[in-house]
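Colleague: From the sequence below, what's the structure:
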Amino acid sequence: MRTSTVRRVCLSVMAAAALTSVAACGGSDSGKSADRGTDKAGGVVKADPIAALRNVQKKTGGERSAKVEGTTQMGTMMSMKQTGVIDWSDGLTGSMEITYTGGSMADAVKQSGGDGTMQARYFKDGYVVNMGDGFAAQAGGKHWISYRYADLAKMAGASGEAMKQQMQNTTPDQGVKSLLASGDVQKVGTEDVRGVQATHYSGTVDVASLTAKNSALDAGQLEQLKKQFSDAGITTEQVDIWVDANDLLVKKVERGQMKTGELNSTVYYSDYGTKASVEQPPAADTVDFAELLKQQQGAGGAAS
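Modeller: Numbers count the residues shown, from 1 in each chain. The predicted model follows:
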């Protein structure tokens with residue numbers, strides 16, 4: 001397998017990162033209903049941020065699908081834009097257009113003749129990525145690479161299993177869950193988000209201080225959240241979310257420091273309930289990722 005093909009195999013793996021930046025670990029809280037709170041200051045009734053965010057998590061997690069659009073920077077590895085529709089009602093399905101705008105991934109795309117944009121489709125048991133004509137010219141005319149989560153878990157060990165679990169159990173309320181787990185939440189005010197009046201909440205997540213005393217998440221959810229941060233090398237993260245009048249997430253910003261550099265993600269959510277129509281590409285136009293690795297190994301590592 002040629003060097004450019006190997007690069008494109010690596011690039012398609014990053015389609016998973018594109019998705020997890022807009023829809024991370026799933027599940028809802030214990031199902032407690034949220035009370036808006038009745039704290040009074042100067043005669044004005046103020047909402048309790050924790051109670052309000054529990055309701056946001058419940059409402060957003062209870063939806064089935066939404067349109068997403070965002071930008072993500074992951075250190076020196078990549079900068080990218082992504083847009084699409086995701087459905088998290090039963091596992092995760094959907095489609096995404098991903099454009100690399102900077103970093104080593106964008107450089108790899110240019111070196112292999114790509115234009116920087118890929119199409120990804122997500123299913124309950126895996127995902128497929130259209131790698132373009134440059135890849136097809138080196139892969140028997142096949143444009144798509146198919147990834148099965150079970151194969152990734154088997155090949156990558158613990159990290160692959162973690163990605164499998166994360167991709168199969170997702171909702172777009174990761175920022176809400178992070179703030180709830182931290183216990184450090186402030187209501188900033190009301191702001192305009194693309195024409196929608198939204199309430200802005202902000203807080204800092206200190207991974208070391210995430211403990212069971214923050215009862216917004218159960219023990220299993222809390223440990224999963226801590227592991228996600230730990231695996232990425234993140235010790236603290238600034239999280240800002242914007243919520244509309246229906247308690248639905250409309251914007252999320254996350255900033256932190258990863259092992260590979262700065263993490264900076266901004267995602268917009270809209271049109272909740274939009275149908276996520278997604279089809280498998282033709283089998284004749286698809287090559288399996290595990291088979292590609294076998295081909296590479298069979299070539300004796302000629303491409304490096």
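
Colleague: Wait, a strand at residue 53?
Modeller: No: read with DSSP: H, G, I helix; E, B strand; the rest coil, residue 53 is helix and lies in no strand.

Colleague: and it, how many neighbours does it have?
Modeller: Residue 53: 27 surrounding residues under other CB atoms under 10 Å. All C-beta atoms are positioned from the backbone trio N, CA, C, and that covers glycine.

Colleague: doesn't residue 185 make contact with it?
Modeller: Yes: Residue 53 lies in contact with residue 185 (CB atoms under 8 Å); the separation is 6.2 Å.

Colleague: list the residues that contact both of the two?
Modeller: Residues touching both residue 53 and residue 185 (CB atoms under 8 Å, 6 or more residues apart in numbering): 179, 201.

Colleague: low-confidence ranges in the stretch 1-150 of the chain?
Modeller: For the stretch 1-150 of the chain, the stretches flagged by pLDDT under 70 are 1-47, 109, 111-114.

Colleague: Please disregard the earlier target; I meant the stretch 201-304 of the chain.
Modeller: 207-218, 221-222, 224-235, 259-260, 296-304.

Colleague: Strands of that one, start to end?
Modeller: With DSSP state E, counting those that start in this stretch as the criterion, the stretch 201-304 of the chain has strands at 236-243, 249-258, 261-270, 286-288.

Colleague: Report the buried residues of the last one.
Modeller: Think strand 286-288. Buried residues in strand 286-288, counted by 16 or more other CB atoms under 10 Å: 286, 287, 288.

Colleague: again with the third one
Modeller: Residues 263, 264, 265, 266, 267, 268, 269, 270 are the ones in strand 261-270 that count as buried (16+ other CB under 10 Å).

Colleague: One more: the second one?
Modeller: For strand 249-258, a neighbour-count test (16+ other CB under 10 Å) marks 249, 250, 251, 252, 253, 254, 255, 256, 258 as buried.

Colleague: Can you lay out the residues you listed as TSV showing distance to residue 220?
Modeller: Listed next are the buried residues of strand 249-258 as TSV, based on distance: CB to CB, whole Å:
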residue	distance to residue 220
249	22
250	28
251	28
252	23
253	27
254	22
255	27
256	23
258	24
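
Colleague: Which single one of these is nearest to residue 149?
Modeller: Nearest to residue 149, judged by CB to CB, of those is residue 258 at 22.9 Å.

Colleague: what pairs with the closest one across the strands?
Modeller: residue 261 (DSSP bridges).

Colleague: ok, it touching residue 72?
Modeller: No: using CB under 8 Å, residue 258 is not in contact with residue 72; the gap is 11.4 Å.

Colleague: how about the helices of the protein, start to end?
Modeller: With DSSP state H as the definition, the chain shows helices at residue ranges 3-20, 49-62, 103-111, 133-136, 149-156, 158-168, 174-182, 219-232, 289-298.

Colleague: Remind me what the fifth one packs against, helices and strands.
Modeller: If I follow you right, that is helix 149-156. Helices and strands touching helix 149-156, by 3 or more CB pairs under 8 Å, 6 or more residues apart in numbering; DSSP states H and E, are strand 126-130, helix 158-168, helix 289-298.
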